[in-house]
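Peer 1: Pasting the sequence and the predicted coordinates here, then a few questions.
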Amino acid sequence: MTEYTLNSLFESDALTGKKFDITSYITKYLNYTVTCGDLAVILPELVDKYGKTTAVTISAELGDDTTSIKLATRDITTQASAKLILTVNGETALSFATSKALGDATLQVSTGTIFGSIDKSDIGTFSDFTTTLGLDE
């Protein structure tokens, strides 16, 4: 998958207002299903409500054309303005919008496992926060 392909996908999703299903790419290219247990480090409430092995769908609605990715041999740089949505058992467990989020990572994939580090990140500005997990804004 190339930088051009990803950026074209991001742009078309932003222009059409469609959801970008992140977990479908994780499943297809890494043969992995994201579960509540995987996200428990940052959202333990997912496990409390749905159980550790329940699948999670992660999707994004790209709000404008500022979302982009730059790929180098092992480095990934991203910029995004999007609404992130976590869905569990058909229920929207968490959603929020962020603008101008940035990230730099050094990653390597080997036998379906991702290794590396997030070197720099900025979550941008949050808005439109909703949840069924009993969290406050």
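Peer 2: Received the coordinates, thanks. This is a predicted model, so every value here is computed, not measured.
Peer 1: going forward, measure contacts and count neighbours with C-alpha atoms only.
Peer 2: Noted.
Peer 1: pLDDT weak spots in the protein?
Peer 2: 1-7, 9-17, 63-69, 71-74, 136-137 (pLDDT under 70).
Peer 1: Which residue ranges of this protein form helices?
Peer 2: All helices of the chain, identified by DSSP state H, fall at 3-16, 22-30, 44-50.
Peer 1: L135: neighbour count?
Peer 2: Using other C-alpha atoms under 10 Å, the number of residues around L135 comes to 11.
Peer 1: I misspoke; the intended subject was S127.
Peer 2: By the criterion of other C-alpha under 10 Å, S127 has 12 neighbours.
Peer 1: separation between it and S99?
Peer 2: 9 Å (C-alpha to C-alpha, to the nearest Å).
Peer 1: next one: E45
Peer 2: Applying C-alpha to C-alpha, the value for E45 to S99 is 25 Å.
Peer 1: try D75
Peer 2: As for D75, its distance to S99 is 22 Å (criterion: C-alpha to C-alpha).
Peer 1: The two: who's more crowded?
Peer 2: Remark: of D75 and S99, S99 carries more neighbours, 20 against 16, as counted by other C-alpha under 10 Å.
Peer 1: Partner strands of the longest strand anywhere in the chain, with direction?
Peer 2: If you go by DSSP state E, the chain has its longest strand at strand 91-110. Applying DSSP bridges, strand 91-110 is found paired with strand 75-88 (antiparallel), strand 113-122 (antiparallel), strand 125-131 (antiparallel).
Peer 1: winner for burial among the ones you listed?
Peer 2: Counting by mean count of other C-alpha atoms under 10 Å, strand 75-88 has the highest mean neighbour count of those, with a mean of 20.
Peer 1: Counting neighbours, what do you get for the closest residue to I85 other than its chain neighbours?
Peer 2: Spatial nearest neighbour of I85, excluding adjacent residues (C-alpha to C-alpha, 6 or more residues apart in numbering): S95 at 4.4 Å. By other C-alpha under 10 Å, 19 other residues sit near S95.
Peer 1: With that, I have no additional questions.
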